[in-house]
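Enquirer: got a structure for you, letters missing:
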């Protein structure tokens, strides 16, 4: 499973759904990038039909009871054109995400680990909510934390889609909640290639590759880019 298809068992369903999905993507690209060049976005058209931040927070509230787990909403960074919701699939609380986002103390996390030199690892489904169009895309993300010279080093390592079959039941429930909120789910596997006929501009100079669809609709960094966050000792006390 690479794109998180949730229509398994429905005869003809996948083909029909994907056809509608690609049409919606093409329409969004035409509106957002009339010059068909990355970074030349029509800002007058952008941000009008995207997923608002309030809906992202509501999604996290809905997902927590629907999936029976922790769901954390995080607004996107300054260069990102999406917000995120992280759904904890494997791991214990307090989670690394809670500590990184300031909702729990690092000392609590280290106590759960049982030893200060132990790496804490967990697995999430990360939902990206586009602020440019009413789209969502889901990746599996490994998150870990370890202590290094008194700091807490948190590493986030996403994959370009959802690959582990054990995650499929929660992915299906997640997609159902997106549908209830009228947010279109895009299979991530269909977002990893450059859109045909588009000029990548200076993207390759900045990131080392041509921009994929996900970079036009959600965020500029490569889909599998690893993020490292260092939390200093002054921020590592439990609240």
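Expert: Here it is on my side, so go on. A quick note: this is a predicted structure, and the numbers were derived from the prediction, not measured.
Enquirer: the host helix or strand of residue 18 packs against which elements?
Expert: Applying DSSP states H and E as the criterion places residue 18 in helix 13-32. Judged by 3 or more C-beta pairs under 8 Å, 6 or more residues apart in numbering; DSSP states H and E, the packing partners of helix 13-32 are strand 135-148, strand 184-186, helix 213-217. Quick note: C-beta positions are derived from backbone N, CA and C, even for glycine.
Enquirer: hey, which of the ones you listed is tucked in deepest?
Expert: Counting by mean count of other C-beta atoms under 10 Å, helix 213-217 has the highest mean neighbour count of those, with a mean of 24.
Enquirer: ok, back up a step: what is the mean pLDDT for the helix holding residue 18?
Expert: Per-residue pLDDT over helix 13-32 has a mean of 84.
Enquirer: mind listing residues that contact it?
Expert: 5, 7-8, 36, 41-42, 45-46, 132-133, 135, 184, 186-187, 190, 195, 198, 213, 216-217 (C-beta atoms under 8 Å, 6 or more residues apart in numbering).
Enquirer: just stretch 177-184 next, same as before
Expert: So stretch 177-184 is contacted by 21, 24, 51, 55, 58-59, 62-63, 66, 127, 129, 134-136, 185 (C-beta under 8 Å, 6+ apart).
Enquirer: can you rerun that using 10 Å?
Expert: 6, 17, 20-21, 24-25, 28, 51, 55-56, 58-59, 62-63, 65-67, 71, 85, 127, 129-130, 133-138, 175, 185 (C-beta atoms under 10 Å, 6 or more residues apart in numbering).
Enquirer: equivalent analysis for stretch 166-174, please.
Expert: By C-beta under 10 Å, 6+ apart, stretch 166-174 touches 1, 4-8, 59, 62-63, 66-69, 71, 85, 87-90, 123-125, 127, 136, 138, 140, 162, 164-165, 185.
Enquirer: out of these, which end up buried?
Expert: When the contacts of stretch 166-174 are checked for burial by 16 or more other C-beta atoms under 10 Å, the buried set is 1, 4-7, 59, 62-63, 66-67, 69, 71, 85, 87-89, 123-125, 127, 136, 138, 140, 162, 185.
Enquirer: alright, that wraps it up for me.
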